[in-house]
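Enquirer: after the sequence you'll find the predicted model.
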Amino acid sequence: MSEKENKEITVNDRLIALYKLQVIDSKIDELRRLRGDTPLKVKDLEDEVVGLKTRQEKLNSEIETLKDQISDKKNIIKEAKEKLKKYNEQQSKVRNNREFEALSKQIEFEELEIQLSEKRIKEYTVDIKAKEENQKDSENLITDRMGDLDEAKNELDEVVVETEKDENELREYRTNIENTIEKRLLKAYIRIRKGVRNGLAVVPIQRESCGGCFNRIPPQRQIDVESHKKIIVCEFCGRILIDDEVVEFVETEMKDFKINLWE
């Protein structure tokens, strides 16, 4: 934009352009927030499904381990019974009490080994049953969450399609407005917008107060804003101030976007 063109643009024109830019940017922020909630919901559900599937894998592994342990205990019992048979046969052929007592101790040990293994098998069987019940509950929960996830993804797809179309239209309009604003003023607007929590760099005076920080604007300052002779900023928050005339003009021009930022 040349210096000659800059001089032809009035303060009123600058204020209108800045406020249009603010309205568009606020609407884009709103669309992003709308889109931002839905992906978060999808992400949470995806994480939950991954967690449930990991739990399923862990339960499967634990059940297989318990089954292996039961198999090991059954082998121990089998071996112990074979030893018992052999010791009993040997005991019937012993020649003295010392050999008899030694075999008796071996027999007692193998019998205890069988009892302990049978006890462990019962415990492992109970554990397997409990884990299989947990597994079933987990499978049902995964099915439910997968349904919720599919629904959330469909919702996200709809939101993205809808908001992307609106955002593209707004961005195209924004580019046209941005091109009418001199670089120095545009940089100031961007700087103010980045420095405030709600992204509002241009605000109207409402009830004699700043529409951004709500501090009272002195009467003379209000007159200066209404005169459109120079750009006035709030002395408390640094936002650019506009009057109702600018607001009404912009809202009338932008009614096709169905935006009413100050409701």
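Expert: Great, that's in hand.
Enquirer: what packs against the helix or strand containing Ile76?
Expert: For Ile76, the host element (DSSP states H and E) is helix 11-91. On a contact count with 3 or more CB pairs under 8 Å, 6 or more residues apart in numbering; DSSP states H and E, helix 11-91 meets helix 97-178, helix 183-195, strand 202-206, strand 240-242, helix 244-253. Bear in mind the C-beta positions are built from the backbone N, C-alpha and C, glycine included.
Enquirer: ok, 10 Å please
Expert: On a contact count with 3 or more CB pairs under 10 Å, 6 or more residues apart in numbering; DSSP states H and E, helix 11-91 meets helix 97-178, helix 183-195, strand 202-206, helix 219-227, strand 240-242, helix 244-253.
Enquirer: that helix versus helix 219-227: what angle between them?
Expert: 100 degrees (axes from the mean of the first three to the mean of the last three CA atoms, to 10 degrees).
Enquirer: pLDDT averaged over helix 11-91, what's the number?
Expert: For helix 11-91, mean pLDDT rounds to 91.
Enquirer: same thing with stretch 219-234?
Expert: Stretch 219-234 comes out at a mean pLDDT of 95.
Enquirer: can you give me the buried ones in it?
Expert: Arg221, Gln222, Asp224, Val225, Glu226, His228, Ile231, Ile232, Val233, Cys234 (16 or more other CB atoms under 10 Å).
Enquirer: just give me the closest of the residues you listed to Asp29.
Expert: Cys234 (20.3 Å; CB to CB).
Enquirer: coming back round to it: most widely separated two among the buried residues of stretch 219-234?
Expert: Spatially, the most separated pair among the buried residues of stretch 219-234 is His228 and Cys234, at 16.6 Å (CB to CB).
Enquirer: check which helix or strand covers the residue of the chain positioned farthest from its centre.
Expert: Going by CA atoms, centre = their mean, the residue of the chain most distant from its centre is Arg95, 80.3 Å out. Assigned by DSSP H and E, Arg95 belongs to neither a helix nor a strand.
Enquirer: OK, contacts around it?
Expert: For Arg95, no contacting residues are found, by CB atoms under 10 Å, 6 or more residues apart in numbering.
Enquirer: distance of it from Lys78?
Expert: As judged by CB to CB, to the nearest Å, Arg95 and Lys78 stand 30 Å apart.
Enquirer: ok, Gln135 next?
Expert: 29 Å.
Enquirer: more neighbours: these two, which one.
Expert: Gln135 (18 against 12; other CB atoms under 10 Å).
Enquirer: wait, that one sits on Lys53?
Expert: No: using CB atoms under 10 Å, Gln135 is not in contact with Lys53; the gap is 11.7 Å.
Enquirer: any residues in contact with both of these two?
Expert: Here Gln135 and Lys53 have no joint contacts, going by CB under 10 Å, 6+ apart.
Enquirer: which residue lies nearest the spatial centre of the chain?
Expert: Note: the chain centre (CA atoms, centre = their mean) maps to Leu40, 3.3 Å.
Enquirer: quick one: residues contacting it.
Expert: Here Leu40 is in contact with Ala152, Leu156 (CB under 10 Å, 6+ apart).
Enquirer: please report how far it lies from Arg33.
Expert: 11 Å.
Enquirer: how about Phe109?
Expert: 73 Å.
Enquirer: which one's more surrounded, these two?
Expert: The neighbour count for Phe109 versus Arg33, taken as other CB under 10 Å, is higher for Phe109 (14 against 10).
Enquirer: ok, that one - contacts?
Expert: Ala80, Lys83, Leu84, Tyr87.
Enquirer: what is the nearest of the residues you listed to Asp166?
Expert: Nearest member of the contacts of Phe109 to Asp166, counting by CB to CB, is Ala80, at 76.8 Å.
Enquirer: isn't the closest one right up against Glu108?
Expert: No: using CB under 10 Å, Ala80 is not in contact with Glu108, being 11.4 Å away.
Enquirer: is it true that Cys210 touches Arg216?
Expert: Yes: when contacts are counted by CB under 10 Å, Cys210 is listed as touching Arg216 (8.1 Å).
Enquirer: the more surrounded of these two?
Expert: Cys210 (22 against 13).
Enquirer: need the nearest residue in space to that one, chain neighbours excluded.
Expert: The shortest distance from Cys210 to any non-neighbouring residue, by CB to CB, 6 or more residues apart in numbering, is to Cys234 (4.4 Å).
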